[in-house]
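Q: Fold the following.
(chains A and B)
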Amino acid sequence: MFSKLNIRIGFYLALRQLKRSSPWTTGLIIFVMVLTFLNLVVVSGILVGLIEGSVEAQRKHFTSDVIISNLNNKSYIETSPAIIAMVKNMPEVENVTARYVSAGTLEANYKTRKETDKPNTAGAQITGIDPVDENNVTDLSKFIIEGEYLTPNDYDQVLLGYLLVKKYLPFDSPSLSGLENIKPGTKIRMDVNGIEHEVTVKGILKGKVDEIGLRAYMVDTQFRSIIGRNDNNVREIAIKLKEGADPIAVRNALILNGVNKIAKVQTYVDAQPKFLLDIKKTFALLGNMISSIGLVVASITIFIVIFINAITRRKFIGILKGIGISSQAIEISYVIQSFFYAAIGSVIGLLILYGFLQPFVAAHPIDFPFSDGILVAPFGETMLRIGLLVFATIIAGYIPARMIVQRNTLDSILGRK
Amino acid sequence: MAIETKKLVRSFKDGAIETRVLKSVDFKVETGEFVAIMGRSGAGKSTLMYQVSLLDEPTSGEILIDGKDTAEMSVDQKTLFRLQKFGYVFQDYALLPELTAIENVALPLLMQGMNKKIAYEKATNSLTRVRLGEKLNNLPSQLSGGEQQRVSISRAIAHDPAILFADEPTANLDTESSKVVMAIFKELHQGGQTIIMVTHEDEYGAVADRVVRLSDGQIVN
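A: Numbering: from 1, shown residues only, chains lettered A, B, ... in the order given. Sure, this is the predicted structure:
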């Protein structure tokens, strides 16, 4: 079928048919192909992007590129200062933040509460940080929605995650008990390991990373003395790497230095919660299912378009065969037309995707309750989908063309059934 | 190239009804002849031409080309044979609307494997021969009926076919254009071209060497 001559004649016919066909019809078909392409790539890309946005937020604002945390049977990382010093000396490292973390209880309105009143309390992960280091690594200050961010000298002051403040809770849940009547300047009581301490709320943080929402932050030097961590051993060390540095390489280097014997060493990918990975897989599957339907719709569209085109040109197909043009060359001309529609549609789709949609969504993430959705469209996967689209389109173009071409030549010329 | 039919039958079925259009036709055309097939509407003239030009399959009987039975040829072999040996002029011109005059004429030449330059040169010569050298790049829609038929003739003769088939070539033309077309046929025949032409007009049938009259699916003279 694909002899050089047949391809040459098929191309000759296809080129002229495309060149002299109605621009509106061609435009409409290409428009359908563009929509199909976007449906194939964007729907699944956004579904995956919802979770990817969450993963990205987790990385940027909590774990950073690499995180060292306590082993499950320990409440802190032994020899933390030595590890921090070693990390800071690694050439790939840009910034490091160390966190003291301890469970505690916060109570508001404790001065005015009557004996019979239910205490206005919330459980929290109290976290001691160096405000400057933390901000350099996780950009924590950008989540301030009320009040101000901490400075290193802000003793007896805390930042509260929004999930600790009742008015910001997204829903009523027995497992989440936010503090009522809280605003910057409100004094609250903090209980850590049975040690009570009065602090003032300096600000409230709200982001789409749950770990931030459930924490109360205070300056590390003060928190260290409250919990009695005179050895300076912290619970978390988040490491931000320089642009282009490989988190896996840094993780492996730390493991080689034996850090994994006293702490968990994870890249941001390793540290992803399992449920996120599961949702990501499920959404990818859903996206693929929706895309498959889109592909079938596109194939049917092309089938109908080529079928109508071929049936209305049945007489001319008969004439072509009558004057000696091979059936294969005629079929190839329709295959080339289908390829043209799919290729142009995909190229325009690519331009829209990478030239506009992806940068736009990156700059203006889709605001979902649990993440800032981005559009995930890796180039390799996109090319694979283009391949699928082109293949499906070519088949959808070839079948109707063959159906018409195989009909009796004279019947076609004379328009007989 | 000589064409001969023996006991050629072509019938069409419409449900239980079978209509026999050609009834055991014996017919022969020798090399260099100009034969006009004439008869009333429905006599079977076009059907006979489609049979001998290998555009249709007979119900029974034989079609021999230079003594060889065409029943032994596959569909693809017949297509190739039509491409190389036959030329066709249809009543309604049968030009491809999206191809210009020169492209319509060059297409069968390209299919024969000629390179584009030579094919276009031959197409230009052929169109010039039918006095359309000025309208090479016109689309069929930009040509009159007579001009379109001349493009059709040009396409049919560009590859120097052994036999030229013409099915009512003047039926859709005015008198003036018809005369031009017939003059071209006459000129081609004088150059040695074998022509088999279907017509119902005596005036144009008279241009041929021999007239074969059909009536009710049978040759009557």
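
Q: who's in contact with the residue nearest the centre of chain A?
A: Chain A has A:Glu52 as the residue nearest its centroid, 2.2 Å off, counting by Cα atoms, centre = their mean. Applying Cβ atoms under 8 Å, 6 or more residues apart in numbering or on different chains, we find A:Glu52 in contact with A:Lys280, A:Ile374, A:Val376. Bear in mind the C-beta positions are built from the backbone N, C-alpha and C, glycine included.

Q: Kindly recompute the last result at 10 Å.
A: Contacts for A:Glu52 (Cβ atoms under 10 Å, 6 or more residues apart in numbering or on different chains) come out as A:Gly45, A:Ile46, A:Leu276, A:Lys280, A:Phe283, A:Ser371, A:Gly373, A:Ile374, A:Leu375, A:Val376.

Q: How about A:Asn309?
A: Each residue near A:Asn309 by Cβ under 10 Å, 6+ apart is listed here: A:Gln17, A:Ser21, A:Thr25, A:Ile29, A:Tyr334, A:Gln337, A:Gly397, A:Pro400, A:Ala401, A:Ile404.

Q: Helix or strand: which one has it?
A: helix A:274-312 (DSSP states H and E).

Q: So which bits of that helix are buried?
A: For helix A:274-312, burial by neighbour count (16 or more other Cβ atoms under 10 Å in any protein chain shown) applies to A:276, A:279-280, A:283-284, A:287-288, A:291, A:294-295, A:298-299, A:301-303, A:305-307, A:309-310.

Q: Indicate the residue of the stretch 201-350 of chain A located nearest to chain B.
A: Nearest residue of the stretch 201-350 of chain A to chain B: A:Gly324, at 2.4 Å (Cβ to the nearest Cβ).

Q: sec struct for that residue, please.
A: Counting by DSSP: H, G, I helix; E, B strand; the rest coil, the backbone at A:Gly324 sits in coil.

Q: and it, how far is that from B:Ile196?
A: Separation of A:Gly324 from B:Ile196 (Cβ to Cβ, to the nearest Å): 17 Å.

Q: Strands of the chain, start to end?
A: In the absence of a named chain, this looks at chain A. Using DSSP state E, the strands of chain A run over A:66-70, A:93-108, A:120-129, A:144-147, A:157-161, A:187-192, A:195-205, A:215-219, A:236-241, A:263-267, A:366-367, A:372-373.

Q: please go with chain B instead
A: Along chain B, counting by DSSP E, strands occupy B:3-14, B:17-29, B:34-39, B:60-65, B:68-69, B:86-89, B:163-167, B:194-198, B:210-215, B:218-219.

Q: Which other helices and strands does the third one contact?
A: The elements that strand B:34-39 packs onto, with contact taken as 3 or more Cβ pairs under 10 Å, 6 or more residues apart in numbering or on different chains; DSSP states H and E, are strand B:17-29, helix B:45-52, strand B:163-167, helix B:175-190, strand B:194-198, helix B:202-205, strand B:210-215, strand B:218-219.

Q: As CSV, these with mean pLDDT, mean neighbour count and distance to A:Leu214 would be great.
A: Output for the helices and strands packed on strand B:34-39, formatted as CSV (pLDDT from 0 to 100; neighbours: other Cβ atoms under 10 Å in any protein chain shown; distance: least, Cβ to Cβ, whole Å):
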stretch, mean pLDDT, mean neighbour count, distance to A:Leu214
strand B:17-29, 91, 17, 87
helix B:45-52, 93, 24, 86
strand B:163-167, 93, 24, 88
helix B:175-190, 88, 16, 91
strand B:194-198, 94, 25, 92
helix B:202-205, 88, 16, 98
strand B:210-215, 93, 18, 98
strand B:218-219, 91, 18, 101
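
Q: Give me the below-cutoff pLDDT ranges for chain A.
A: A:1, A:172-176 (pLDDT under 70).

Q: Next one: the residue of the stretch 1-150 of chain A found nearest chain B relative to A:Ile308, how far apart?
A: Closest contact between the stretch 1-150 of chain A and chain B, by Cβ to the nearest Cβ, is at A:Arg20 (4.1 Å). Remark: distance between A:Arg20 and A:Ile308 (Cβ to Cβ) = 17 Å.

Q: Who are the contact partners of residue 215?
A: No chain was given, so I picked chain A. A:62, A:99, A:101, A:124-127, A:129, A:140, A:158-161, A:163-164, A:205, A:209.

Q: Please refer instead to chain B.
A: B:Met38, B:Gly39, B:Arg40, B:Gly42, B:Ala43, B:Gly44, B:Lys45, B:Asn221.

Q: For the second one, grab the count of nearby residues.
A: Pointing back at B:Gly39 there. By other Cβ atoms under 10 Å in any protein chain shown, the residues close to B:Gly39 number 23.

Q: With the first one instead?
A: If you count neighbours by other Cβ under 10 Å, B:Met38 ends up with 23.

Q: what sits opposite it in the beta ladder?
A: Taking DSSP bridges as the rule, B:Met38 bridges to B:Arg213.

Q: mind checking pLDDT for it?
A: With respect to pLDDT, B:Met38 scores 94.

Q: my read: it touches B:Met49, true?
A: No. B:Met38 is beyond contact range of B:Met49, at 11.5 Å (criterion: Cβ atoms under 10 Å).

Q: joint contacts of the two?
A: In contact with both B:Met38 and B:Met49: B:Met197, B:Val198, using Cβ under 10 Å, 6+ apart.

Q: mind checking how far the residue nearest the centre of chain B is from chain A?
A: In chain B, the residue lying closest to the centroid (Cα atoms, centre = their mean) is B:Phe165, at 1.9 Å. As judged by Cβ to the nearest Cβ, to the nearest Å, B:Phe165 and chain A stand 10 Å apart.

Q: OK, contacts around that residue?
A: Neighbour list for B:Phe165: A:322, B:49-50, B:52-55, B:82, B:86-90, B:156, B:194-198 [criterion: Cβ under 10 Å, 6+ apart].

Q: What's opposite it in the beta bridge?
A: Counting by DSSP bridges, B:Phe165 is bridged to B:Tyr88, B:Ile196.
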